[in-house]
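> This is a predicted model, with the sequence first.
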Amino acid sequence: MTDPQHMIAKISLHPSGNQRGIMVRNILIFTALFSCVSSQEESGHTDTSPGETEGLSTEELLEALYADNGGEDAFPTHQVLALETLLYAQDEIESGDWESAATRVDAVFEEMPLSTSIWMEGLGHEGLNIGSPVAYYGLRMLDQILDLGQQTASGTLQMTAVVAPCAEVSRPTLPDLEAEIVSLDIAEEILADNAHTLVVSTLLFRRWVQAITGGMEVELVVYEMTECTTVDFTDDGSVIVSYPDANSMVDSVPDEIARSTDFWWVVAPSGVPGDGSGYDRHFITGGMGGYGMGLPLFLSDDAWFTRKPEHLGTGPYSEIELRAYQPQWFQHEFMHHIFRTWPEFGLEDSGHQWFDLTTWPDDFEGVYEPDYYAESITKRLLGADPSLTEGLSAPELVDLTTFEPLDLVGSYLRSPPENDWHTVTVSLNGVDLLWSNAAGVSWSLEINEGELWTGSDCPYGAQKVPVEAHDGSIVALWFGGEKYVRLDD
C-alpha cells in the first residue's frame, strides 16, 4: 500500500478560461475551465478516460468518443445535438462568449422542446452514460445560468473534497454475500493531473451554484488525508449501501481548511466489487448527508467517477461522460440539501416527491426531475429569505476561548420541534455545563481547546457541538447536524 501524501488543491473558476497553477509548499492553487483546449493531435485510438485526456479539446474528445463507439453516425441525431450543445455551450460561457452559448442552447430547445419524450429516446447507446434524459440536466443548468446572466463575483463558497488515500473495506462476496475485509488504495485517476477527474466532474455544478447565488464563486479544495479510512456496508435484501466513515474523514481536515468550508465532499475507495453485477442487489455508494453546522456532505466512492455502475452503463467513464452525467448527480444531491434548508416551501416534504407529478405545485411546468429543480429555483428559491447566498454559506464558527461557560447558558429549540428531545436547556452547575432536554435526558458538555463537546455520558457518544455566533453573541448550537436556536438573550 502506498504511503499517503498530504495534498491540498484549490480550484476556482477563472474568467480567462485558462488552467493555471502554482505550488506553494504543499498547497496547490490553480484555476480550471470546462474545456482544456490544446492543439495536440492524435492518430488512431485515443484513450478518453479522464486521466489521459487533460489538454485535449472538446472537439478531440468527441471525435475519440465517437470513434470508439461505432462512429458519430451510429448515435441518434438528437443525442449528438443535445450532447454537443451541452459541451460547446459550456466552452463558450467559459471563454466569455455568452451570446453564442445562449443562441446554441435556445436552438436545441427549439429543435427538442423542453419536457418532451425525445429526451429519453436511445438511452444507453453502446453502454455510455451521457445523462438521463440525455444531457438534459446539464442543459437546464446552462439555461438557468444564461437566464441569470453574467454576474460580478460577489464572494466565495468553498467546496472541500476529502480524499482517503486508502481504506479497510468490508464488502460482500459471491455467492452468499458473506463479508470480506480488504485493504484498498484510492483509484489513481482521482488525484492524477491535479485532481483532473474531480475538477471536470464538478465544473458545471459549481458554475450553476455561482449563478443561483448571485455570483458566489465556488472554489474546490482537494485535501488528501494522511491516514486510511474504513468502508462498511449494510444489506436489506434488495439494496446494499456502502459508505465510508465520512465524519471521521471530515474530522481529519486541518482547522485552517475546515473553518473556510461551506460544502463537504468525501471520496474513498469503493466497497463495490467490480461494477456490482451478479449480486441481485442495487448498490448505493453516494448520497447527501450533513456535517457540523448543517453543512452539505456529498458521499461518494472513487468508482463513481472512474467506471459506470451496472445500472448506468458499462466500462470506464470517458471525460465526455463525466461532463454530461456528473452535473446531474451533484445537482440531485445538492437539491436535497436546498430543500431541507428551506423547508417552508414544502418542495421535499417526502423523499423524492417530485417523481410523483401529482405533488408538483400548480405553477410548476415540466415532467422531468431537472424541470422541477429549475422551477424550484426560479419560482421559489431566488426570492427566499434567507437568500440562497446566505443559506448556503457556512455560519460563523465560534472559538470559545473568547467566551465564558456562562455565555452558553440558556434555552434552545430545534426547529421545527418534533419531540421533547428538541427542546433543550443548557445550564451551569458550578463549573460544569449540562445539556438537558424536555424528555428528561441530560448529559455533560465540555469546552476543549475552544470547542464545545458532549461528554462520554451522551447517548450519541462524545462529539463536537459547533457554536454559532452573530455580532459577538451566541445564537445557536449545532447537535447531530441540526440547528438549535437560542431563545433568550
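Now that the structure is in, tell me what you want to look at.
> can you pull out the strands in the stretch 151-300 of the chain?
Using DSSP state E, counting those that start in this stretch, the strands of the stretch 151-300 of the chain run over 155-163, 166-172, 179-185, 216-224, 229-235, 239-244, 263-268, 282-284, 287-291, 295-301.
> try the stretch 301-450 of the chain
Using DSSP E, counting those that start in this stretch, the strands of the stretch 301-450 of the chain run over 410-414, 423-429, 432-437, 442-448.
> any chance of the ones you listed in TSV, plus mean pLDDT and mean neighbour count?
(C-beta placed from N, C-alpha, C; glycine too.) Below are the strands of the stretch 301-450 of the chain laid out as TSV (pLDDT from 0 to 100; neighbours: other Cβ atoms under 10 Å):
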stretch	mean pLDDT	mean neighbour count
strand 410-414	96	18
strand 423-429	95	16
strand 432-437	96	17
strand 442-448	95	16
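> Mind listing the residues bridging to residue 229?
In this structure, residue 229 bridges to residue 167 when assessed by DSSP bridges.
> Verify the contact between it and residue 248 for me.
Yes. The criterion here is Cβ atoms under 8 Å, and residue 229 meets it with residue 248 at 6.7 Å.
> Turn the strands of the stretch 151-300 of the chain into CSV, columns for mean pLDDT and mean neighbour count.
CSV is the format used below for the strands of the stretch 151-300 of the chain (pLDDT from 0 to 100; neighbours: other Cβ under 10 Å):
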stretch, mean pLDDT, mean neighbour count
strand 155-163, 97, 21
strand 166-172, 98, 20
strand 179-185, 98, 13
strand 216-224, 97, 22
strand 229-235, 98, 18
strand 239-244, 98, 20
strand 263-268, 98, 27
strand 282-284, 96, 18
strand 287-291, 94, 18
strand 295-301, 97, 23
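> of all these, which lies closest to residue 449?
strand 287-291 (19.4 Å; Cβ to Cβ).
> Which strands or helices does the closest one pack on?
Under the contact criterion of 3 or more Cβ pairs under 8 Å, 6 or more residues apart in numbering; DSSP states H and E, strand 287-291 touches helix 246-251, strand 295-301, helix 319-341.
> need the strands of the stretch 301-450 of the chain in a markdown table with distance to residue 195, can you?
Shown next, in a markdown table, are these (distance: least, Cβ to Cβ, whole Å):
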| stretch | distance to residue 195 |
| --- | --- |
| strand 410-414 | 37 |
| strand 423-429 | 41 |
| strand 432-437 | 40 |
| strand 442-448 | 33 |
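> TSV for the helices and strands packed on strand 287-291, including distance to residue 459?
TSV is the format used below for the helices and strands packed on strand 287-291 (distance: least, Cβ to Cβ, whole Å):
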stretch	distance to residue 459
helix 246-251	17
strand 295-301	22
helix 319-341	24
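> rank the ones you listed by pLDDT, which is bottom?
Mean pLDDT per stretch puts helix 246-251 lowest among the helices and strands packed on strand 287-291, at a mean of 94.
> So which bits of it are buried?
246-247, 249-250 (16 or more other Cβ atoms under 10 Å).
> and if you look at stretch 379-388?
So for stretch 379-388, counting by 16+ other Cβ under 10 Å, buried means 380-381, 384, 388.
> Which one of those residues is nearest to residue 483?
Nearest to residue 483 among the buried residues of stretch 379-388, with distances taken as Cβ to Cβ, is residue 384, at 16.5 Å.
> My read is that the closest one contacts residue 391, right?
Yes. Judged on Cβ under 8 Å, residue 384 makes contact with residue 391 at a distance of 7.1 Å.
> Quickly list what's touching both of those two.
Taking Cβ atoms under 8 Å, 6 or more residues apart in numbering as the criterion, residue 384 and residue 391 both touch residue 342.
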